[in-house]
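Chemist: Sequence and predicted structure below; questions after.
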Amino acid sequence: MSKKLKVALIGGGQIAEKVHVAYYATRQELELVAVVDSDLTRAQAFAERNGVARFYADAEEMYLAEQPDIVSICTPNKLHCEHVLQALSHGSHVMCEKPPAMTAAEADQMRQAARQAQKVLAYDFHHRFAADTQLLRQQVAAGTLGEVYVTNIQAVRRCGVPGWGVFTDKEQQGGGPLIDIGIHMLDAAMYVLGFPEVSRVSAHMFQKIGNVKRSGQFGSWDPARFTVEDSLFATLELKNGGILRLETSFALNVKPQSVMNVEFCGDKAGATLFPAHIYTDEDGQLLTLCQREKADDARHHKSMQAFVNRVLGEEVDIADAEQGYIIQRLVGALYQAAEEGKSISL
Ligand SMILES: NC(=O)c1ccc[n+]([C@@H]2O[C@H](COP(=O)([O-])OP(=O)(O)OC[C@H]3O[C@@H](n4cnc5c(N)ncnc54)[C@H](O)[C@@H]3O)[C@@H](O)[C@H]2O)c1
């Protein structure tokens, strides 16, 4: 067998453990050489729990000592750009957690750096790797839905303010539910639609609950330091005449505890993403054209798999740096529209 590729992780938090290291450990072609966390005790505990050979508090020191082929960036959003540029400058292929960055300018810099370094840069927009999303992408491309002119995107939680990490800190994260969970469903919707061009966006955002309540479904937080929006509602106008409507929240007085889904309305048929269901109407009756029993839960695994396979030279689709830039630009425009109270042309 050829030499194993060396893998390092930057940020030893929950996503690095649950998803990244858990996947890498399943691949015989890979060797887990290092984890870096600014909290050295955390890095050590992470390394011991997950069979990672060495741990560091300083990334530069790690790169010089280990020269990893593959790096996962699992730090807070504010550090993604700096950490991705650093990894690329050391010649590593990179899987970066979502969102790509804090701003479109950063995501632009990251895609240019990946191009220059001729390395793979993938973002962990894992919902597009679900069998459901893949099926709908094929069916939309094949014309089963006809012209899709309205898409409803929901990433809504009733009481789901994250109680860990820095998710309520605008300075560290760049925003709240839009940049954290709304971005996932926005990416899935754009992917299914084949990345249509957006001409204009408008948005409203609120901070009504997160700065008052202090606990919910995902633990507790300090309301005095809740500096992000707790809900955001937006319309994105497409150049092809269609619209995307987006609703996202960490906290909102709605009945369901959580909805992460997209609905596509075409002139021939409609579809729901999770689980994939394509339907139309005949003589007033709902008629199913195609349906998956259950939403695909292996999507995170498939996102990691696509990245590793691409690094190994396979021509598989990844959520690449170019698409990451497009999504980041939309998120930035939505925040700008909400802050300025006016629609933004792209
Ligand atoms: N794809 C998904 O569905 C998904 C889910 C959860 C989180 N995420 C993303 O993953 C990222 C991390 O989230 P998390 O939930 O794992 O948070 P976390 O707080 O559990 O982990 C972040 C880790 O980064 C470390 N860190 C902070 N500054 C550092 C630095 N300068 N150098 C090295 N390490 C540093 C922290 O000590 C911490 O251990 C975020 O960008 C988040 O949006 C993605």
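Modeler: Ah, there it is. Predicted model only: the values in this text are computed from it and were never measured. Numbers count the residues shown, from 1 in each chain.

Chemist: what pLDDT does the residue in the stretch 1-150 of the chain positioned nearest to the ligand get?
Modeler: The minimum distance from the stretch 1-150 of the chain to the ligand, using Cβ to the nearest ligand atom, falls at residue 13 (1.7 Å). In short, each C-beta sits where N, CA and C put it, glycine included. Residue 13 carries a pLDDT value of 96.

Chemist: what's the neighbour count on it?
Modeler: The number of residues packed near residue 13 is 18, by other Cβ atoms under 10 Å.

Chemist: Leaving out sequence neighbours, find the closest residue to it.
Modeler: residue 74 (6.0 Å; Cβ to Cβ, 6 or more residues apart in numbering).

Chemist: and that neighbour, what does it touch?
Modeler: Contact analysis of residue 74 by Cβ atoms under 8 Å, 6 or more residues apart in numbering lists 9, 10, 11, 12, 13, 15, 16, 20, 97.

Chemist: show me what contacts the third one?
Modeler: With contacts defined as Cβ under 8 Å, 6+ apart, residue 11 is in contact with 36, 37, 73, 74, 75, 76, 79, 83, 97.

Chemist: can the residues you listed go into JSON lines with extra columns for pLDDT?
Modeler: Output for the contacts of residue 11, formatted as JSON lines (pLDDT from 0 to 100):
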{"residue": "36", "pLDDT": "98"}
{"residue": "37", "pLDDT": "98"}
{"residue": "73", "pLDDT": "98"}
{"residue": "74", "pLDDT": "98"}
{"residue": "75", "pLDDT": "96"}
{"residue": "76", "pLDDT": "94"}
{"residue": "79", "pLDDT": "97"}
{"residue": "83", "pLDDT": "98"}
{"residue": "97", "pLDDT": "98"}
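
Chemist: related to what we said a few turns ago, pick out the most distant pair among the contacts of residue 74.
Modeler: 12 and 97 (12.6 Å; Cβ to Cβ).

Chemist: More neighbours: these two, which one.
Modeler: Taking neighbours as other Cβ under 10 Å, residue 12 and residue 97 compare with residue 12 leading, 27 against 23.

Chemist: Doesn't the more buried one lie inside a helix?
Modeler: No: counting by DSSP: H, G, I helix; E, B strand; the rest coil, residue 12 is not found in a helix; it is coil.

Chemist: Within the helices and strands, which one has residue 334?
Modeler: In this assignment (DSSP states H and E), residue 334 forms part of helix 321-340.

Chemist: Would you mind pulling the contact partners of that helix?
Modeler: Outside helix 321-340, the residues within contact range by Cβ under 8 Å, 6+ apart are 99-101, 103-104, 106-108, 110-111, 114-115, 121-123, 125, 175, 178-179, 182-183, 186-187, 190-191, 195, 198, 201-205, 229, 232, 234, 236, 246, 343-344, 346.

Chemist: Please list only the buried members of the residues you listed.
Modeler: Buried by 16 or more other Cβ atoms under 10 Å: 99-101, 103-104, 106-108, 110-111, 114, 121-123, 125, 175, 178-179, 182-183, 186-187, 190-191, 198, 201-203, 205, 229, 232, 234, 236, 246, 344, out of those.

Chemist: ok, whatever residue of the stretch 151-300 of the chain ends up closest to the ligand - how many residues close by?
Modeler: Closest contact between the stretch 151-300 of the chain and the ligand, by Cβ to the nearest ligand atom, is at residue 165 (3.2 Å). By the criterion of other Cβ under 10 Å, residue 165 has 15 neighbours.

Chemist: What's the per-residue pLDDT of it here?
Modeler: 88.

Chemist: which SS class is it?
Modeler: Of the three states, residue 165 takes coil under three-state DSSP.

Chemist: ok, now the one 3 residues further on?
Modeler: When the structure is reduced to helix, strand and coil (three-state DSSP), residue 168 reads as coil.

Chemist: in terms of contact, does it touch residue 161 like I think?
Modeler: Yes: Residue 168 is within contact range of residue 161, at 6.4 Å (criterion: Cβ atoms under 8 Å).

Chemist: Any chance you could list residues touching both of these two?
Modeler: With Cβ under 8 Å, 6+ apart, residue 168 and residue 161 have common neighbours 210, 221, 226.

Chemist: Just the closest of the residues you listed to residue 264, please.
Modeler: residue 210 (30.3 Å).

Chemist: which ones are touching that closest one?
Modeler: Neighbouring residues of residue 210 by Cβ under 8 Å, 6+ apart: 161, 168, 176, 221, 223, 226, 228, 230, 250, 251.
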